[in-house]
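[1] take a look and give me a structure for this.
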Amino acid sequence: MSGVRGADRSVWASRSSGSGPAARSSRAARPVAQRRPASAPAAAAVRRPGPPPVAQAVRRFPNPRLTGLGCGLFCGAVMFLLGHLDALLFGSSLTVYSVLFLPVCALTAVWVRGGDLMTAPVVVPIAFAVGLVPVADHGGDLGDHVMGLFSALATQAGWLYGGTLIAGLLVLVRRVRLVARRAAARRRQA
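    Residues are numbered from 1 along each chain as shown. The predicted structure follows:
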């Protein structure tokens with residue numbers, strides 16, 4: 001076996017691939033670029049403080065872009081699950097459900113893509129009603145359940161309007177920024 005390895009070395013050493021003794025000596029003769037230490041003022045000018053910790057924390061969050069349909073499905077499914085969770089843990093507390101509705105509104109408005117911005121304020125109240133199904137007062141009859149649903153919508157209208165207002169304002173701010181960014185891009189091209 002050792003004879004075979006030695007034969008392999010001699011074959012490879014004789015090739016001009018740069019692994020022989022002649023190639024090693026030519027590498028040693030080449031000058032190597034060395035890095036110079038930067039002067040203190042130049043190094044200070046290059047170093048910039050990073051973004052604040054809050055901005056770094058926000059950048060770590062997921063940033064999906066939902067279509068109009070995806071926005072409705074996301075908001076409706078999350079509110080339905082939160083309604084069941086509220087019924088299970090808090091005994092169908094409408095206040096807890098309504099408070100949980102507000103961050104879902106904000107996420108829906110932030111995660112909808114730019115072309116479908118106006119769908120967020122539309123799907124948010126629909127999702128609120130969908131999520132109320134497990135939370136609303138249950139009676140023995142379908143009519144009693146529907147009446148409990150409408151009563152919950154009537155008594156929680158302030159939370160519903162507040163969540164819709166949050167979604168509407170976030171969408172409006174995003175739309176204004178989008179239009180301003182497009183106008184600036186057009187000015188740069190002109």
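[2] what about residue 189? Give its phi and psi, please.
    phi -70, psi -30 (degrees, to the nearest 10).
[3] that one: neighbour count?
    Other residues near residue 189 number 6, with proximity taken as other C-beta atoms under 10 Å. Where C-beta positions appear, they are placed from N, C-alpha and C, glycine not excepted.
[4] cool, and residue 88?
    Neighbours of residue 88 (other C-beta under 10 Å): 10.
[5] tell me who's in contact with it.
    Going by C-beta atoms under 8 Å, 6 or more residues apart in numbering, residue 88 touches no other residue.
[6] quick one: it from residue 127, how far?
    As defined by C-beta to C-beta, to the nearest Å, residue 88 lies at a distance of 19 Å from residue 127.
[7] which pLDDT value belongs to the spatially closest residue to residue 50 that is not a sequence neighbour?
    Counting by C-beta to C-beta, 6 or more residues apart in numbering, residue 56 is the residue found nearest to residue 50 once chain neighbours are left out, at 7.3 Å. You'll see residue 56 listed with a pLDDT of 75.
[8] tell me which element residue 56 falls in.
    helix 53-59 (DSSP states H and E).
[9] distance from that helix to the middle of the chain?
    Chain-centre distance of helix 53-59: 12 Å, with C-alpha atoms, centre = their mean, to the nearest Å.
[10] which parts of the very next helix or strand once past that helix are buried?
    Next helix or strand after helix 53-59 toward the C-terminus (DSSP H and E): helix 68-89. By neighbour count with 16 or more other C-beta atoms under 10 Å, helix 68-89 contains the buried residues 68, 70-72, 74-76, 78-80, 82-83, 85-87.
[11] nearest to residue 139 among these?
    residue 87 (14.9 Å; C-beta to C-beta).
[12] ok, that closest one - contacts?
    Residues in contact with residue 87 (C-beta under 8 Å, 6+ apart) are 134-135.
[13] tell me the pLDDT of it.
    pLDDT for residue 87: 93.
[14] likewise for residue 12?
    pLDDT, residue 12: 49.
[15] equivalent analysis for residue 61, please.
    pLDDT at residue 61 comes out at 72.
[16] also residue 127?
    Looking at residue 127, the pLDDT reads 97.
[17] nearest residue to it in space, ignoring adjacent ones along the chain?
    residue 75 is the one closest to residue 127 (C-beta to C-beta, 6+ apart), at 3.9 Å.
[18] in the one helix or strand residue 183 maps to, what counts as buried?
    Following DSSP H and E, one finds residue 183 within helix 157-189. Across helix 157-189, burial judged by 16+ other C-beta under 10 Å covers 159-160, 163-164, 166-168, 170-171, 174.
[19] and that helix with helix 68-89, angle?
    Interaxial angle, helix 157-189 versus helix 68-89 (axes from the mean of the first three to the mean of the last three C-alpha atoms, to 10 degrees): 150 degrees.
[20] please consider this matter closed, and thank you.
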